[in-house]
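1. got a sequence here, can you model it:
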Amino acid sequence: MPAKPTDPRVLLAQVQMLFGLARGNMSSMLAGAIVVGLVLWSGGTPLATIGIWGLMFLLACSLVIWFEHQVQGTGITADNCRRLLRERVALASMVSLFYGAAGFLLPDKPTPLEDTFLFITLSTMVTVGSLAFSVMPLMYQSLNIWGMLPLMAHYAHRHLQHAEPIYLVLLAVAAIWQLVVMGKTRRVSDTSINAIALTLRLHDEVDEHKRTKEAMQEMALHDALTGLGNRRYFDDVFAHTISNAARDLGRVGVLAIDLNQFKPVNDRFGHAVGDALLKSVAQRLRDCTRAGDFCARMGGDEFAVVVNNLNEPEAIVGIADKVRDALRAPHALGAIRAQSIASVGWAVYPEDGLDMARLMHVADERMYREKYRRPAASAAPVQLPAPARPEFEDTRA
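-> Next up, the predicted model:
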């Protein structure tokens, strides 16, 4: 499903970006606190009061650092991102409140110059913070509310106390500035969130393309019925294996396998039973060959196996016997037990040939010689009594 701004994955990406942006932001917070402290000092605030305010501010900053360290250790996931977001916003709001409430520490006398400097300092910090954290609306809204509303309340209180027009002007300017900053930040925020959603959509489309490509490759290189490699895949693997053997001076074997009397099984019991028999043969080939060998269905009732890393040419004969024995046992196909003995031919590189065509020719010749020596009756299918609900039933007279 394409990603949308409301997709939980978008929220997860937002939270991860928020924590990434917030990490290492402590130097800016401390610089702002120093400027605010200087404004308070120039306005006549006692050093002891400034010290207590600074100590509490540092305590809040230490809590933020500890929290970010904990998050870095646990990680941000889809399950915990909402909780971590709420906690991080709460901590940021607490720090912003220390800035916003600083105006109330000024002496209770008209000091418009210091209040103006305080407005310039806090509005700048809130604006920068809002734009920096625009990816998360809850964050920049909290910074604005807890950073500027207390300062605006301080201006309203001063105006009521002293009836100085400057405080009314500062209050109006702060309110207008808040609206401007919030409006600009919201547009930046919408752009950022839509960019995240677009990035996730692109990732989804790339992943879907990869899955489609893999599925097409699977269909192009594998037999749809048995899941084994098809003739094209076999040719590629066999040619590559011969090339490696030529380079490493090794030996490679190939088995050509044909099911005797498969057609009577298919004609008598139907294509469903015939397909089930081919699947059973494919599974037995997987079970009796090594992990490094390659099995393929060449078409119809013909199979082939590429045998890697032969130590001696004679070893291929034992492997052919093992395959023949594995396929000789009757195949239980629902209510039917069908027997279709396999003829197996073989060839070894480089003793029997140096290229794929020659090796397959030798293996086919040996397979056909074995096939025509074997009596046809030995491969006759046998039907057993059907159970109450047979998977396959012989409906023919």
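
2. what segments of the stretch 51-200 of the chain are helices?
-> 81-100, 112-132, 137-162, 165-221 (DSSP state H, counting those that start in this stretch).

3. can you list the neighbours in contact with the second one?
-> The reference is to helix 112-132. Residues outside helix 112-132 that contact it (CB atoms under 8 Å, 6 or more residues apart in numbering): 21, 25, 28, 32, 35-36, 39-40, 42-43, 96, 99-100, 102-103, 106, 140, 143-144, 147-148, 151, 154-155, 158, 164, 166-167, 170, 173-174, 177, 181-182, 184-185, 188. Placement of C-beta: from N, CA and C, glycine included.

4. got a ChimeraX select line for the buried ones in the residues you listed?
-> Selection of the buried residues among these in ChimeraX, burial being defined by 16 or more other CB atoms under 10 Å:
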select :21,25,32,35,36,39,40,43,96,99,100,102,103,106,140,143,144,147,148,151,154,155,158,164,166,167,170,174,177,181,182,185
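
5. just to revisit the earlier point, so which of the helices of the stretch 51-200 of the chain is nearest residue 314?
-> Evaluated over these, closeness to residue 314 peaks at helix 165-221, with 32.0 Å, by CB to CB.

6. could you give the angle of that closest one to helix 112-132?
-> Angle between the axes of helix 165-221 and helix 112-132 is 10 degrees (criterion: axes from the mean of the first three to the mean of the last three CA atoms, to 10 degrees).

7. just send the helices of the stretch 51-200 of the chain back as a markdown table, with mean pLDDT and distance to residue 262 too.
-> Converted to a markdown table, the helices of the stretch 51-200 of the chain look like this (pLDDT from 0 to 100; distance: least, CB to CB, whole Å):
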| stretch | mean pLDDT | distance to residue 262 |
| --- | --- | --- |
| helix 81-100 | 92 | 59 |
| helix 112-132 | 88 | 72 |
| helix 137-162 | 90 | 68 |
| helix 165-221 | 88 | 24 |
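
8. adding distance to residue 361, write these out as JSON lines.
-> Listed next are the helices of the stretch 51-200 of the chain as JSON lines, based on distance: least, CB to CB, whole Å:
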{"stretch": "helix 81-100", "distance to residue 361": "64"}
{"stretch": "helix 112-132", "distance to residue 361": "73"}
{"stretch": "helix 137-162", "distance to residue 361": "73"}
{"stretch": "helix 165-221", "distance to residue 361": "24"}
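
9. mind checking the ones you listed for the one nearest to residue 320?
-> Comparing those under CB to CB, the one sitting nearest is helix 165-221, at 25.2 Å.

10. off-centre distance for the closest one?
-> Between the mean C-alpha location of helix 165-221 and the chain-wide mean there is a distance of 21 Å, by CA atoms, centre = their mean, to the nearest Å.

11. tell me what it is packed against?
-> helix 8-22, helix 112-132, helix 137-162, helix 231-248 (3 or more CB pairs under 8 Å, 6 or more residues apart in numbering; DSSP states H and E).

12. take those helices and lay them out in JSON lines including distance to residue 279.
-> Shown next, in JSON lines, are the helices and strands packed on helix 165-221 (distance: least, CB to CB, whole Å):
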{"stretch": "helix 8-22", "distance to residue 279": "40"}
{"stretch": "helix 112-132", "distance to residue 279": "61"}
{"stretch": "helix 137-162", "distance to residue 279": "57"}
{"stretch": "helix 231-248", "distance to residue 279": "18"}
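
13. nearest to residue 47, of the ones you listed?
-> Using CB to CB, the nearest of the helices and strands packed on helix 165-221 to residue 47 is helix 112-132, at 15.3 Å.

14. convert the C-alpha atoms of the closest one to CSV, please.
-> Output in CSV follows, covering the C-alpha atoms of helix 112-132 (Å, rounded to 0.1, in the frame of the first residue of the first chain):
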residue,chain,number,x,y,z
PRO,A,112,11.3,48.2,28.4
LEU,A,113,14.9,47.9,27.1
GLU,A,114,15.5,44.5,28.8
ASP,A,115,12.0,43.3,27.9
THR,A,116,12.7,44.2,24.3
PHE,A,117,16.0,42.3,24.3
LEU,A,118,14.2,39.4,25.9
PHE,A,119,11.6,39.4,23.1
ILE,A,120,14.3,39.5,20.4
THR,A,121,16.3,36.7,22.1
LEU,A,122,13.3,34.4,22.7
SER,A,123,11.5,35.0,19.4
THR,A,124,14.8,34.2,17.6
MET,A,125,15.3,31.0,19.5
VAL,A,126,11.7,29.9,19.1
THR,A,127,11.7,30.7,15.4
VAL,A,128,15.0,28.8,14.8
GLY,A,129,13.7,25.9,16.9
SER,A,130,10.3,25.8,15.1
LEU,A,131,11.9,25.7,11.7
ALA,A,132,14.5,23.1,12.8
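
15. report the buried residues of it.
-> 112, 114-115, 117-119, 121-123, 125-127, 129-130, 132.

16. for stretch 12-29, same thing?
-> Applying 16+ other CB under 10 Å to stretch 12-29 flags 12-16, 18-19, 21-22, 25, 29 as buried.

17. between these, which is closest to residue 203?
-> Ranked by distance to residue 203 (CB to CB), the buried residues of stretch 12-29 are led by residue 13 at 10.4 Å.

18. excluding covalently adjacent residues, which one is nearest to that closest one?
-> Spatially, and ignoring its direct neighbours in sequence, residue 13 is nearest to residue 196 (4.9 Å; CB to CB, 6 or more residues apart in numbering).

19. now for the one you found: which residues touch it?
-> 5, 10, 13-14, 17, 135.

20. which one of those sits closest to residue 315?
-> Closest approach between those and residue 315, by CB to CB: residue 13, at 56.6 Å.

21. surely the closest one meets residue 203?
-> No. With contact defined as CB atoms under 8 Å, residue 13 does not reach residue 203; the gap is 10.4 Å.
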